[in-house]
Structures are given as structure tokens and as C-alpha cells.
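Novice: Fold the following for me, if possible:
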Amino acid sequence: MSHTMQWNAGHYDEKMNFVSQYGKGLIDWLAPVAGERILDLGCGTGDLTAQLAETGAVVTGSDFSPEMIATARSKYPHLSFEVADAHTYRTDQPYDAIFSNAALHWMKGPEEVAKSVWLALAPGGRFVAEFGGKGNCEQVIQALRFALGKIGISADDRHPWYFPSVGEYTSLLERQGFRVVLASHFDRPTVMPDNDRGLRHWLDSFCSPFFAGLTENEIDEACRAATEWLRPTLYSGGQWIIDYKRIRVIARKESATGDQGAAS
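Specialist: The predicted model follows:
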């Protein structure tokens, strides 16, 4: 069963702005150069696209969500944004670099995405990304299994994310033809805003596929059950701290050809 993610761009900007804050460090890994053509893949509401553009790079932001792109265009009307699916993305003007922060784990066809990135990069181009890795938010997922299981729903059937190990993901890139220059899989406990309400903000922002078809009362009850399940482990000092585990990777396209068969 497919459950489409529903994005609330305003709530995302107000309560989940830590996503862009952490992404600033990824820009250092990218080391953008003035005049470079860069694609921000999964750009959300455009904050990091704008920061990339401040370096003098020529940046395009791309996202699957029309609402996110509409918000990005309203915030940064001087920049270029487009609605596109990374699984099938194609361009006639190759990029010098492709940047992606907190987006790849929403893309359930990673081979297709790797092929899109490969084809969109100029020879010698680089791919710099951060996203959820194996074990990311695992305690929250276990809590959702518990909460939804109480009403006969399998959380695993509705799981919207791709959280690979670093070995899985670097191997996938290598099969596509990339040379993986650097890869890291690390813990990043992440504090939520608004004290006791923080976990609910996170669930409201990122978990709509788990709650598809439920009434507001059923969603509220599932969130309450998940909250109490998690409180002993993720609530500390008046704050919710989500158990993030992230992958960062730098990969290069060193030739014009790759193993297209592996990603077709």
C-alpha cells in the first residue's frame, strides 16, 4: 500500500528549521565555487538553496512537493526552483555538483535516484549528500509500531523511508559508476523545539504516511501512545531528543560512463 507524504511547508519552516541548520555543515563538505552550476536535490523550502547561491554558484532547487516549491519561490523569488521527481529527473544542462540534505531517505527507489544524479552531473562532477542512515529514528519507529498495532495497523506496511547502512549505500553508488571519496554514518541526537510538544511536532511534520486514513481522534490517540512509549528513553531535561543516525557522503563522477545496467 502506498501512503503519500503530506507536507505542511509553514509548519516545517516554523518547527523543523533544525533540518536546514544542520545542513549548513554539509555545505562545507560541498565547498561550492562561484560560477558553478549546482542542483539542490530535495530543496524543501529553499533555505540551503539560498545559502548556496550566496557563494556565487548558479543554483537550482528541486523538490517533489509542489507546496514546498511554492514556499521556496515566495521566500526566494530571485532563485530558480522546480517541481521534479528525483527518481526520473533529467536535464540537458549537466551540473558541476549535486547537493542533497535530508531528502534521499524519502526516495524509496535509490538506484533510480543514483542514476538520475549520475546523468545530471557533468564528468568530474561531485555528489554531496546527507540523509537518514540505518537505525535512524528507530525508537520512534518502534513506538509507532506499538501505537498503530493497538488499532490493528502495521506500521511497517506504511514505513515511508529508506535508511541504508553506509556499506549498502556506498556500494550502490559504486555500482552506478561513482567513486566514493568520503562516507560517514554517525549518531546525531536532535533536540526538538517547544519542550513537551516537541515530539508531536515531529510526528505531525514527518509521519503522515503512518496516519493515512485515520480520524483526527485516532491520530491523536496514536501520538499519545507513541509519546508515552518513548518518554522514558527520548525525553530528558524537559526536551525531546530524537535518535537521529545520519549518512554523509561525497562521490565523484570521474568519467562519462557508468554501470547503467545496475541502475536501469
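
Novice: Just give me the longest strand of this protein.
Specialist: strand 121-132 (DSSP state E).

Novice: Where do the helices of the stretch 101-250 of the chain begin and end?
Specialist: 110-120, 138-149, 166-176, 198-206, 216-234 (DSSP state H, counting those that start in this stretch).

Novice: Need the winner for burial among these.
Specialist: helix 110-120 (a mean of 22; mean count of other Cβ atoms under 10 Å). No exception for glycine: its C-beta is placed from N, CA and C like everyone else's.

Novice: Residues in contact with that helix: which ones?
Specialist: 39, 41, 86-91, 94-95, 98, 104, 107, 127, 162, 164, 169, 172-173, 175-178, 253, 258, 260, 262-264 (Cβ atoms under 8 Å, 6 or more residues apart in numbering).

Novice: about what we covered before: reformat the helices of the stretch 101-250 of the chain as CSV; add distance to residue 78.
Specialist: Formatted as CSV, those follow (distance: least, Cβ to Cβ, whole Å):
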stretch, distance to residue 78
helix 110-120, 23
helix 138-149, 37
helix 166-176, 33
helix 198-206, 27
helix 216-234, 39
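
Novice: As CSV, the ones you listed with mean pLDDT would be great.
Specialist: Compiled in CSV, the helices of the stretch 101-250 of the chain are given as follows (pLDDT from 0 to 100):
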stretch, mean pLDDT
helix 110-120, 98
helix 138-149, 97
helix 166-176, 98
helix 198-206, 92
helix 216-234, 97
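
Novice: who wins for proximity to residue 246 among those?
Specialist: helix 166-176 (10.1 Å; Cβ to Cβ).

Novice: Using PDB, write out every CA atom in the closest one.
Specialist: Extracted C-alpha coordinates of helix 166-176, given in PDB (Å, rounded to 0.1, in the frame of the first residue of the first chain):
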ATOM      1  CA  VAL A 166      26.800   3.100   4.800                       C
ATOM      2  CA  GLY A 167      28.100  -0.100   3.100                       C
ATOM      3  CA  GLU A 168      24.800  -0.600   1.300                       C
ATOM      4  CA  TYR A 169      24.700   3.000   0.000                       C
ATOM      5  CA  THR A 170      28.300   3.400  -1.000                       C
ATOM      6  CA  SER A 171      28.100   0.000  -2.900                       C
ATOM      7  CA  LEU A 172      25.000   1.300  -4.700                       C
ATOM      8  CA  LEU A 173      26.900   4.400  -5.800                       C
ATOM      9  CA  GLU A 174      29.900   2.400  -6.900                       C
ATOM     10  CA  ARG A 175      27.600   0.100  -9.000                       C
ATOM     11  CA  GLN A 176      26.400   3.300 -10.700                       C
END
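
Novice: tell me what it is packed against?
Specialist: helix 110-120, strand 179-187, strand 245-252, helix 260-263 (3 or more Cβ pairs under 8 Å, 6 or more residues apart in numbering; DSSP states H and E).

Novice: and the ones you listed as TSV, adding distance to residue 49?
Specialist: Converted to TSV, those look like this (distance: least, Cβ to Cβ, whole Å):
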stretch	distance to residue 49
helix 110-120	16
strand 179-187	23
strand 245-252	19
helix 260-263	26
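
Novice: Of these, which is nearest residue 235?
Specialist: Closest among these, once you apply Cβ to Cβ, is strand 179-187, at 17.7 Å.
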